[in-house]
Each structure stands twice: as C-alpha cells, then as structure tokens.
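need a structure here:
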Amino acid sequence: MNRKLFSGLAVAGFASLFWACGSGDIVETNVLDELQLASYNENPEALESFILQAVTASCSDTVLNPDGTQTINVDESCVNAAKPGSLNEGSPTESSSSSPKQNSPYTNRSSSGTFNPFQQNPTSSGNPGSTSSPGHTHNPSSTPSLQPTSNATTSSSAAPADPNAWGTCAANTKTNSIKKGASVQWKIAFDNSKVSANIMTGASYSWTFQDGNPATMETKTYTSNSVSYATSGSKDASVTVSFQGKTNTIKCTPLDVTGAEIKSCVCNPNVTQADVASQTPVTWTVSGCASTDANFTYVWSDQLQGGNAASAVLTAKGTYAPSVTVKNGDNGMMTVQCGAITAIDSNHPDYVVKTAGQQGEIDLPAGQVTVLLQVDAYNGKVICNANGPISGTVNTTTVLNGSYYVSVPMSGLKKGAQLVFELSTPAKCGVE
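Prediction:
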C-alpha cells in the first residue's frame with residue numbers, strides 16, 4: 001500500500017465510504033472515519049488495523065442481558081468474508097484531481113454485488129492463510145484476535161434463557177389469602193442479583209388474572225392495580241415483563257380466595273392425660289361450627305386423619321395439641337387449635353417417690369416431668385418446698401401457688417399413681 005491509495009481517498013473528499021460485511025449488511029462511515037483514514041498516510045499497518053476494527057464492528061451484534069449489561073457477539077464468518085487483503089493501486093499517473101479508476105476501492109465490487117474494499121488474493125504458494133499488498137506483507141497472526149462471546153445470536157423478541165431470571169410473583173398479602181369480594185394487588189419480587197434497577201423501572205408489565213376483575217391490565221410498575229374476585233377458590237395469575245424488545249413471563253403463586261365464613265368451631269380431646277404404656281387411642285373432636293354453607297371438610301395437622309374427629313395412639317412422653325382446618329363448599333375456612341393431651345409413660349417415669357412426707361421429697365426441675373408414686377399418700381396431699389415462689393400444675397388441674405411451701409389436697413393419690421408436674425421454678429416435691 002502506498003501514497004497513491006490515499007491520493008485516491010483524498011480525491012473522494014467527504015464522499016460516502018461503505019464497509020461491507022459478508023452477510024450483505026452495509027455500514028456507512030462518518031467524517032471522523034475519513035479523517036482517520038487520511039491520518040494513516042504514513043502508517044499502512046495502522047490503516048489495516050483500523051479497517052479490521054470497522055469490519056468487526058459491522059459484523060457484531062449487541063445482546064442485552066437480564067441484569068442490564070451487554071454482550072457483544074462477533075460473526076467470524078462475516079469478518080472472514082471481508083478480512084483485509086490486497087488493496088488495488090491506482091495508476092502511477094493518477095493525480096489528486098483525477099476520477100477514480102475502475103480498479104480503485106470505490107468501484108471494486110464483491111461477487112455478491114455488495115461493495116467490499118477488501119479483495120482476497122492467495123499467495124504465490126496458493127496458501128490462503130496470508131495475503132499480500134504492494135509495499136508490505138500482511139500476516140494474519142499479527143492482527144488482533146477476534147474472540148466472540150458466543151456464535152449464537154439472540155432474537156430481539158426472544159425471552160431470556162432462564163425463565164426464573166427476573167424474579168417471582170405473588171399477591172401482596174401476608175397469608176396469600178383474601179375473602180371473596182375483596183381486592184388485592186399483585187407484585188413481582190425481583191432477584192436483585194440478576195436484575196438491574198433500570199430493568200425494574202424501565203420495563204412494561206402485562207398482567208393476566210384468573211376470574212379477576214379486571215382479567216387483564218397493563219402497568220408501568222412491577223405492582224399491579226387492584227384486582228377483585230367474585231368467586232372463591234384458588235386463583236392463578238401471570239405477568240409478562242417486556243424490556244427493550246425482550247419478554248419474560250412469570251407465573252405467580254396462586255391466591256386463595258375464601259368464601260362463606262365459618263365461625264365458632266372448637267376442638268377438644270377426650271382425655272387430658274394418657275399413658276403411653278397402655279397404648280390406648282386418644283381422640284380429638286371438632287364441634288360447634290356454624291356457616292351459611294355447612295358442607296364441612298376437615299384437614300388435620302400432625303399426620304392425623306379423620307372427619308370431625310381424629311384418633312391416634314401416643315408413642316412417646318410429651319404434650320400433644322394438634323390443629324385442624326375446617327373448610328366448606330364455598331372455600332370458607334377456619335383453623336382451630338385443639339386442646340392438649342399430656343402423655344406419660346408409667347414404664348419409664350422421670351422420677352420416683354419412695355417415701356411419704358418431707359423425708360421423701362425429691363428435687364424436681366422447672367418444666368414438665370412425670371413422677372411415679374411407690375408409696376401410699378395417707379393425707380392425699382402434694383407438697384413442695386422451694387427457695388422462693390412456687391407455681392405450676394399437677395396433672396394439668398391442680399394449681400401450685402405459694403411462697404417457699406405449698407400443700408395441695410389431691411384425690412386419688414395412691415401407690416402406683418403417676419403425676420405430671422409442671423413447675424415454673426425448681427422445687428422439692430413429694431406426697432403425704
């Protein structure tokens with residue numbers, strides 16, 4: 001390459017130049033490009049680098065990521081179809097005022113009919129891996145390496161690859177439940193580690209609500225307007241987020257719309273204390289429920305099964321107090337906390353009283369423990385001593401309430417009885 005080429009470029013002045021990509025796309029150069037070309041008059045290597053950069057830019061596609069960043073994909077086949085080769089020289093007698101010759105860059109056309117300022121010429125050895133131009137040899141290994149992020153291209157209308165990349169959606173309630181006829185707003189909870197603020201604030205949102213009023217809406221924020229429901233049941237919703245030509249549809253967590261109200265349910269056990277050693281079933285029963293729709297069903301906690309009553313055999317010491325959710329045919333519901341049953345194990349008591357009176361008192365910790373009586377209690381009293389206030393229960397009914405010493409009459413105290421103590425402070429307790 002020599003000064004004659006640049007003389008030809010100077011003749012064109014500010015006439016339009018075009019870079020051609022192998023795909024047939026044409027990118028027009030601007031005035032700054034032309035001035036930069038002229039600045040390379042004494043540096044042909046820099047010119048080739050400049051031209052290669054221009055071709056690379058015309059063969060690139062910028063893809064928007066869900067987090068707002070951009071990835072540039074380079075089509076190597078496009079670059080290879082227009083990579084620098086031999087530039088045809090003008091006539092030795094060409095002057096700055098002459099018109100471009102047939103072999104000038106302005107009239108050289110590629111076989112596809114799209115203007116291409118580069119014409120690949122194989123070397124004399126026939127190896128297409130290197131090209132030559134007058135005045136210097138071009139070595140492809142010295143040109144910048146093109147490292148495309150991906151050879152795949154992304155359509156501007158395609159959704160992101162990860163359908164969960166932008167977040168989750170649910171009704172804006174604490175319990176994800178409302179009463180029939182009430183209104184609620186829906187909201188997207190974005191994953192801030194994946195979605196930038198400019199997407200959240202710049203996107204548009206298209207909402208769809210099952211059985212909702214309205215059934216659809218468009219918003220500019222990630223919280224919907226109010227939606228009401230005239231029927232009960234589980235209601236689905238979804239939202240399509242659109243940002244710079246890309247879309248992503250998020251399926252929302254279903255909303256539970258409850259119907260006719262249920263009131264007054266209670267749940268009681270058949271006993272307050274059960275012995276694990278006896279393997280006798282215990283039962284909780286629901287009663288008193290009232291509703292305009294009395295077609296009730298029951299869902300029990302703690303793996304219990306049953307209708308308005310559920311039974312189980314207790315297998316370990318402790319306190320058992322299940323709950324039950326009562327529903328009706330209109331998806332009305334009420335959750336009820338059942339009364340507690342204390343389970344003891346007569347085969348494995350925590351403590352044993354072997355002597356009556358103060359001599360037989362044993363140290364009991366705060367909390368719940370079981371005590372087996374191996375002696376008769378002649379006066380039928382539970383006694384406790386402590387260094388301060390004493391409070392609690394025995395067998396869930398008898399109240400211990402006093403300072404330093406209490407003596408509480410109890411019926412049925414006899415040898416073999418097992419008592420359940422619930423103490424708020426440690427104490428020495430026994431029978432007399």
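
and the strands in the stretch 301-432 of the chain?
Taking DSSP state E, counting those that start in this stretch to define them, one finds strands in the stretch 301-432 of the chain at 309-312, 318-320, 323-327, 333-337, 341-344, 351-353, 362-364, 367-373, 381-394, 398-409, 418-423, 427-431.

looking just at contacts, which helices and strands does the fifth one meet?
Secondary structure elements in contact with strand 341-344, counted by 3 or more CB pairs under 8 Å, 6 or more residues apart in numbering; DSSP states H and E, are strand 273-275, strand 318-320, strand 418-423. For glycine as for every other residue, the C-beta is placed from the backbone atoms N, C-alpha and C.

which residues sit against that strand?
269, 271-276, 282, 314, 316-321, 368, 370, 395-396, 418, 420 (CB atoms under 8 Å, 6 or more residues apart in numbering).

highest mean neighbour count out of the helices and strands packed on strand 341-344?
strand 418-423 (a mean of 20; mean count of other CB atoms under 10 Å).

for the spatially closest residue to residue 294 that is not a sequence neighbour, what are its contacts?
Excluding the flanking residues, the one nearest residue 294 by CB to CB, 6 or more residues apart in numbering is residue 328, at 6.7 Å. Contact partners of residue 328, counting by CB under 8 Å, 6+ apart, are 259-260, 262, 291, 293-297.

with residue 372 instead?
Residue 372 makes contact with 346, 349, 351-353, 416-418, according to CB under 8 Å, 6+ apart.

ok, now with 10 Å
Residues near residue 372 by CB atoms under 10 Å, 6 or more residues apart in numbering: 344-354, 415-419.

repeat that for residue 218.
So residue 218 contacts 204-207, 224-225, 240, 242 (CB under 10 Å, 6+ apart).

same question for residue 367.
Going by CB under 10 Å, 6+ apart, residue 367 touches 392, 421-424, 426.

got CSV for these, with pLDDT too?
Formatted as CSV, these follow (pLDDT from 0 to 100):
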residue, pLDDT
392, 92
421, 92
422, 91
423, 94
424, 93
426, 95
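
ok, which pair from those residues is furthest apart?
The two members of the contacts of residue 367 with the most space between them (CB to CB) are 422 and 426, at 12.6 Å.

quickly list what's touching both of the two.
366-367.

sorry, back to before: residue 286: which of the contacts of residue 367 is nearest?
residue 422 (26.3 Å).

that closest one touches residue 384, doesn't it?
No - with contact defined as CB atoms under 10 Å, residue 422 does not count as touching residue 384 (11.9 Å).

show me what contacts residue 305?
By CB under 10 Å, 6+ apart, the contact list for residue 305 reads 298-299, 311-312.

how near is residue 370 to residue 340?
To residue 340, residue 370 is 15 Å away according to CB to CB, to the nearest Å.

who's more crowded, those two?
Legend: neighbour count by other CB atoms under 10 Å for residue 370 and residue 340, higher for residue 370 (21 against 16).

show me the contacts for the more buried one.
Residue 370 makes contact with 273, 275, 317, 342-346, 348-352, 418-421, according to CB under 10 Å, 6+ apart.

try it again at 6 Å.
Counting by CB atoms under 6 Å, 6 or more residues apart in numbering, residue 370 makes contact with 344, 349-350, 418, 420.

residues in a beta bridge with it, which ones?
As for beta bridges, residue 370 partners with residue 420 under DSSP bridges.

report the separation between it and residue 392.
14 Å.

residue 242 now?
Distance from residue 242 to residue 392, by CB to CB: 64 Å.

quick one, which of the two is more surrounded?
Higher neighbour count among residue 242 and residue 392: residue 392, with 21 against 17, using other CB under 10 Å.
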